[in-house]
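Novice: Just to be clear, the model below is a prediction. Sequence and coordinates:
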Amino acid sequence: MTLKLADWRRDWTLMSAFFYGDEIALIHEKLKNLKIENLAYCSFENRFARAGGLAAVTTNILPYLKEVNNIGAVLLLTPYYPDLMNKSKLRPTGISFAVNFNRKTIHVEIYKYTWRYKSPVRGSLPEYYLKADGFFEVKDKSKDPYIYNEQDSKANDVALSKNAVFFSLAVPLAMKALGIRKDIVFHLHEWQTSLISLTAKEAMLNGTLESCGTLQTIHNSFDSPVSWRLLTGIMDRSRKQKLAEFPGEDLSAYQIGLGLVDAPITTVSTNFAAEFTTDVLMTEHFAPHLQSIFRKSSVYGINNGTFVSISDKYPKKETHTIEEVRAIKLKRRKSLLSILSRYKPEERFGELTYQGGSITRLPDNVPIVVMSGRLDPLQKGYDIFLRAIEQFQEDEIKVILTPMPVDYSDLDYFYEAACKCKGNITVFPFKMQRGYRELQEGATFGVMPSIYEPFGAAVEYMASGTVNIGRATGGLVDQISRNCGFLYREDAVFYTLENITAFIESADIVQMRKTNPWAESMADNLYDVMKKAINVYINHPEKYYKMVLNGFEKAEGFSWGVNAKQYYQVYDMIRS
């Protein structure tokens, strides 16, 4: 499947604020003659520092970008987080360079991890980690590379912005130090790397690099202001003089980066791309300041590949018979119930029972429902799910929750729901050491009640033989179709900027989130679709198991190979 990029036109309106006419002409000439021989994938997340989907993408896509597109060199450029790295797996390259940052000379060392991959063919590629004293010193116990100060959000934002600007300045210098100076594509991810679209152009003009182009992938709509003081602190005298002519207030990282990028703006799913200019959550709350850029340049969705393979319990995949799938599914369910009856670490709370006795006695017609992932109150929708669960009777369903909290106070509502729904809910507030695979494969339904979802993990449930229930938002719309899962949406009358703002501003107050009219409508509609799904499971089992089979087929349609080819199309637009 090819992207339709014919209508895209480069919008360099902002270029004249940063560069003179002769400089713009020279940059354009260098881009026109660029060869795609070196791909530098720039990310604040990596295999040792994970906050969400970006790390998962980073640890899957690079071999496909290299091998499918036959690019000579593909590498990762990422920060070295002293407190997060697995130092035994990283090796010093012996290469270092200096960065002039805010009138100080900062010494940067390059560390290397060699990724030896088996797909799509056997090969290897380098990951380079930039280490600088005083930078990237995150302190978060959950290994979140964006948390510098857990107690003070404003101080954290300032620190993150400073580190992002420093990284953007260091990246072109790192490429020079590595001996790679021309025919470079910088693939930028999230706002933390977006200013490389500026520093890369400066690098071409001052001779640090010979030729390089940039493109941006947005995995989330978050952005950050960048003060002129911080920005001009990394500029040479000529650039400072040019910026002095710029009218108006500070711009954000994306307002600068997306205004200077050399190729179409991309994101990680087709539907999420459309939502940037159609969904009130994006247009009025998260990204109103970016609407002119999005509408002029458009945002192009490139669906991620799948992060897991079809479970080996289903060797025939979608060619299994209904009866074969039913037998396998019930066997995995039995394994799950056995583990749940025995695996009781002290952090777990809420006991699953059936008629007051052992959960192993649970009849096959009582559905098991699971929700897993980060406990992000403003994205993942755990509150919505808990409110829906409270409406079920004892032994009507069984629910397993595996939230991974940043702050254990976020679990307050979980404790409340576990008490209210005694026997129906168990909570594992950590990464399970046992039983996670059985949970994915043995559950009847996997629920994703996301507030927004750039891509999502619906495909992972499908690949495990579990039917999805999800809110119709973002990438979940691309993944869940009527023949393999269930989508729902709240009543439109409650989806207003007023309710959205109140919900987000009550991030730390669960009781206020619960009673928000928008949240109540999401929970009520989730309850309704769960009742519908349960009816299919109990009264129309052939339809349910057919959905499992359809899920296998749908999951296989998400390919990193296709993803890599589509990104190459975007790389090629740099030369247009």
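Specialist: That came through fine.

Novice: Which element, helix or strand, includes Leu77?
Specialist: Following DSSP states H and E, one finds Leu77 within strand 73-79.

Novice: In its sheet, which strands sit next to that strand, and in what direction?
Specialist: Strands that pair with strand 73-79, judged by DSSP bridges, come out as strand 38-42 (parallel), strand 123-132 (parallel).

Novice: Show me the one of those that comes nearest Arg116.
Specialist: strand 123-132 (4.8 Å; CB to CB). (C-beta placed from N, C-alpha, C; glycine too.)

Novice: can you list contacts of the closest one?
Specialist: 46-47, 62-63, 66-67, 73-80, 82, 85, 90, 93, 99, 106-117, 136, 166-167, 170-171, 174, 178 (CB atoms under 8 Å, 6 or more residues apart in numbering).

Novice: Using neighbour counts, trim those residues to the buried set.
Specialist: Neighbour counting over the contacts of strand 123-132 (16 or more other CB atoms under 10 Å) leaves 46-47, 62-63, 66-67, 74-80, 85, 90, 99, 106, 108-113, 115, 117, 136, 166-167, 170-171, 174, 178 as the buried ones.

Novice: From the opening residue of stretch 505-514 to its closing one, how far?
Specialist: 13 Å (CA to CA, to the nearest Å).

Novice: Give the buried residues for it.
Specialist: By neighbour count on 16+ other CB under 10 Å, the buried set for stretch 505-514 is Ser506, Val510, Arg513, Lys514.

Novice: Then stretch 12-29?
Specialist: Neighbour-count burial for stretch 12-29, with 16+ other CB under 10 Å as criterion, is recorded at Trp12, Leu14, Met15, Ala17, Phe18, Phe19, Glu23, Ile27.

Novice: pretty sure Gly470 is in a strand, no?
Specialist: Yes - Gly470: assigned to a strand according to DSSP: H, G, I helix; E, B strand; the rest coil.

Novice: show me the contacts for it.
Specialist: 447-450, 453, 456, 458, 476, 479-480, 485-488.

Novice: Bridged to it, which residues?
Specialist: Bridge pairing for Gly470 - DSSP bridges - gives Met448, Leu487.

Novice: Distance check, it against Ala458.
Specialist: Per CB to CB, to the nearest Å, Gly470 is found 6 Å from Ala458.

Novice: Stretch 174-193: which residues count as buried?
Specialist: 174-175, 177-178, 180-193.

Novice: Which members of the buried residues of stretch 505-514 are positioned in helices?
Specialist: In helices, defined here by DSSP state H, the members of these are Val510, Arg513, Lys514.

Novice: rewinding a little: what comes into contact with the strand holding Leu77?
Specialist: Residues contacting strand 73-79 (CB under 8 Å, 6+ apart): 37-46, 49, 58, 62-63, 65-66, 125-130, 135-136, 145, 163, 167, 171, 174-175, 178, 180.

Novice: now do 6 Å
Specialist: 38-43, 46, 62, 65-66, 125-130, 136, 167, 171 (CB atoms under 6 Å, 6 or more residues apart in numbering).

Novice: follow-up on the earlier one: residues shared between the contacts of Gly470 and Ala458?
Specialist: Leu476, Ile480.

Novice: what residue ranges in the protein are flagged as low confidence?
Specialist: The chain contains residues with pLDDT under 70 at 140-141, 247-248, 406.

Novice: For stretch 352-360, C-alpha coordinates in CSV please.
Specialist: In CSV, the C-alpha atoms belonging to stretch 352-360 read as follows (Å, rounded to 0.1, in the frame of the first residue of the first chain):
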residue,chain,number,x,y,z
LEU,A,352,-11.3,-13.5,42.2
THR,A,353,-13.8,-16.1,43.3
TYR,A,354,-16.8,-18.0,42.0
GLN,A,355,-19.8,-18.3,44.3
GLY,A,356,-17.5,-17.5,47.1
GLY,A,357,-15.1,-20.3,46.3
SER,A,358,-12.1,-21.0,44.1
ILE,A,359,-11.8,-19.2,40.8
THR,A,360,-10.8,-22.6,39.2
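
Novice: Grab the longest helix from the chain for me.
Specialist: helix 153-177.

Novice: tilt between the next helix or strand after that one and strand 38-42?
Specialist: Per DSSP H and E, the first helix or strand lying C-terminal to helix 153-177 is strand 184-189. With axes from the mean of the first three to the mean of the last three CA atoms, to 10 degrees applied, the angle from strand 184-189 to strand 38-42 works out at 20 degrees.

Novice: hmm, back to that, and the buried residues of stretch 12-29, which is closest to Asp407?
Specialist: Out of the buried residues of stretch 12-29, the member with the shortest distance to Asp407 (by CB to CB) is Leu14, at 38.5 Å.

Novice: Excluding sequence neighbours, find me the nearest residue to the closest one.
Specialist: Gly259 (3.4 Å; CB to CB, 6 or more residues apart in numbering).

Novice: So the one you found: helix, strand or coil?
Specialist: On the basis of three-state DSSP, Gly259 is classed as helix.

Novice: Quick check: it touching Ser16?
Specialist: No - taking contacts as CB atoms under 6 Å, Gly259 lies outside contact range of Ser16: 10.6 Å.

Novice: For Ile106, give me its contacts.
Specialist: Val99, Ala132.

Novice: The strand or helix carrying it pairs with which strands, parallel or anti?
Specialist: Remark: Ile106 resides in strand 104-117, with elements defined by DSSP H and E. Paired strands of strand 104-117, with direction, are strand 91-101 (antiparallel), strand 123-132 (antiparallel) (DSSP bridges).

Novice: Brilliant, that's me finished.
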